[in-house]
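> I need the structure of the sequence given here:
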Amino acid sequence: MVTEEFPVGSVVVGTDGSENAHQAVDWAAAEAARRGVGLHVVYAFPWIARARAWEFSPPPEVTENGERVVAAAVARVAERCPGVTVTTEVLVESPAIALVEASRRAGLVVVGARGHGQDEDSLLGSVAQKVTAHARTHVVVVRGESPAGEEAPVVVGMDPEEGAPEAMEFAFEEAQRRGTRLIVVQGDQEDMAYPDYPDAVVSGHYDAAASEFAKVTAERLNEWHRRFPDVPVELRLVRERPVRALVRASAEASIVVVGSRGRGGLAGLLLGSVSRGVASRAPVVAVIRSAGVPKH
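Below is the predicted model:
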């Protein structure tokens, strides 16, 4: 069985040899090259739960297949990003658990998603859902190639209340690494923000409050721009649900960045409704762990 310890701060990516996994490996390798760090490729497969207690090992051909998959991933990276150092790991473990464990040492975890179904969790996929909810570091979910290409702008969702500082910092750094501009999108979850809200008095008071929020947002953004003066920034204040606004913006983005500050002890709540919704629909999404989200 292949197991290599990887340097702290590496980009970690999971693979199972599928086409979606190839896209995740490609994205992770390019990101490792941009960051100047190593890439760690993980192949994990679950075995019968009670087999560990009974000391039943998986058939050799199962492990050998995993070794072939990671070897193919290494060859793929060598061809596309020849300067990236690659380490690999083949584990008898749940893929989600393996990636969450690897996140303790990683600078970033990348996971492919090819979920099916109509609800958000099915669309996101069970492994991606678990990893984004429980990883100790930031996670990028790759559903496919960005239609706008790798040189396209970075898009980030900015929280109107807290400003999403961790997501903003990641987005500015990512735009700086890519040499591209940053689009900051701030939507609104409040019903009275929309034109069809029936109570004109309430919506009128909301308009005044929204104007003050806009001033605070502009001040926050100016502070970020002073830290990253070389990154061109565009601010979009939209009266639209954040998920819809960010998914719409993903069509022109290389990556969409969202913060995760969900509340509660359940995995779905930990991920948060906006981050889960965007990661379920946009091609490439970075889910950024906020300081206030508990670490497991």
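
> what's around residue 225, how many residues?
Residue 225 has 15 neighbouring residues, counting by other CB atoms under 10 Å. C-beta: built from backbone N, CA, C; applies to glycine.

> Surely it forms part of a strand?
No. Counting by DSSP: H, G, I helix; E, B strand; the rest coil, residue 225 is not part of a strand but helix.

> Please name the bridge partners of the closest residue to it other than its chain neighbours.
Leaving aside its sequence neighbours, residue 225 sits nearest to residue 233 (CB to CB, 6 or more residues apart in numbering; 5.6 Å). Counting by DSSP bridges, residue 233 forms beta bridges with residue 182.

> what does the one 4 residues further on give?
Beta-bridge partners for residue 237, by DSSP bridges, are residue 186.

> need the helices for the stretch 101-250 of the chain, in chain order.
Assigned by DSSP state H, counting those that start in this stretch, the helices in the stretch 101-250 of the chain fall at 120-124, 126-134, 165-178, 200-227, 242-249.

> Contact partners for residue 182?
With contact set as CB atoms under 8 Å, 6 or more residues apart in numbering, residue 182 has these partners: 153-156, 171-172, 175, 231-234.

> again, 6 Å this time
Neighbour list for residue 182: 154, 171, 175, 231, 233 [criterion: CB atoms under 6 Å, 6 or more residues apart in numbering].

> quick one on the thing from earlier: which of the helices of the stretch 101-250 of the chain sits closest to residue 58?
Counting by CB to CB, residue 58 lies closest to helix 126-134 out of those; the figure is 19.0 Å.

> which helices and strands sit right next to that closest one?
Packing partners of helix 126-134 (3 or more CB pairs under 6 Å, 6 or more residues apart in numbering; DSSP states H and E): helix 95-102, strand 139-142, helix 267-271.

> Make a markdown table out of those and add mean pLDDT and distance to residue 112.
What follows is the helices and strands packed on helix 126-134, written out as a markdown table (pLDDT from 0 to 100; distance: least, CB to CB, whole Å):
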| stretch | mean pLDDT | distance to residue 112 |
| --- | --- | --- |
| helix 95-102 | 96 | 10 |
| strand 139-142 | 97 | 5 |
| helix 267-271 | 41 | 17 |
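
> which secondary structure element contains the closest residue to residue 70 other than its chain neighbours?
Nearest non-adjacent residue to residue 70, counting by CB to CB, 6+ apart: residue 88, 4.2 Å away. Using DSSP states H and E, residue 88 sits in strand 86-92.

> Next, the angle helix 95-102 makes with that strand.
Inter-element angle recorded for strand 86-92 and helix 95-102: 130 degrees (by axes from the mean of the first three to the mean of the last three CA atoms, to 10 degrees).

> Lowest-scoring secondary structure element of this structure by mean pLDDT?
Least confident helix or strand of the chain, by mean pLDDT, DSSP states H and E, is helix 267-271 with a mean of 41.

> And the average pLDDT for the next helix or strand after it is what?
Proceeding N to C from helix 267-271, the next assigned helix or strand is helix 273-279, under DSSP H and E. Mean pLDDT, helix 273-279: 90.

> Just list what helix 273-279 packs against, helices and strands only.
If you count contacts as 3+ CB pairs under 6 Å, 6+ apart, helix 273-279 packs onto helix 120-124, helix 242-249, strand 255-260, strand 284-289.

> Got the confidence number for the spatially closest residue to residue 81 that is not a sequence neighbour?
Leaving aside its sequence neighbours, residue 81 sits nearest to residue 29 (CB to CB, 6+ apart; 4.3 Å). Per-residue pLDDT puts residue 29 at 98.

> wait, residue 29 sits on residue 39?
Yes. The pair residue 29 / residue 39 is scored as a contact, 5.5 Å apart, by CB atoms under 6 Å.

> any residues in contact with both of these two?
Taking CB under 6 Å, 6+ apart as the criterion, residue 29 and residue 39 both touch residue 84.

> What is the neighbour count of the closest residue to residue 250 other than its chain neighbours?
Counting by CB to CB, 6+ apart, residue 250 lies nearest to residue 282, which is 3.8 Å off, once chain neighbours are set aside. Neighbours of residue 282 under the rule other CB under 10 Å: 24.
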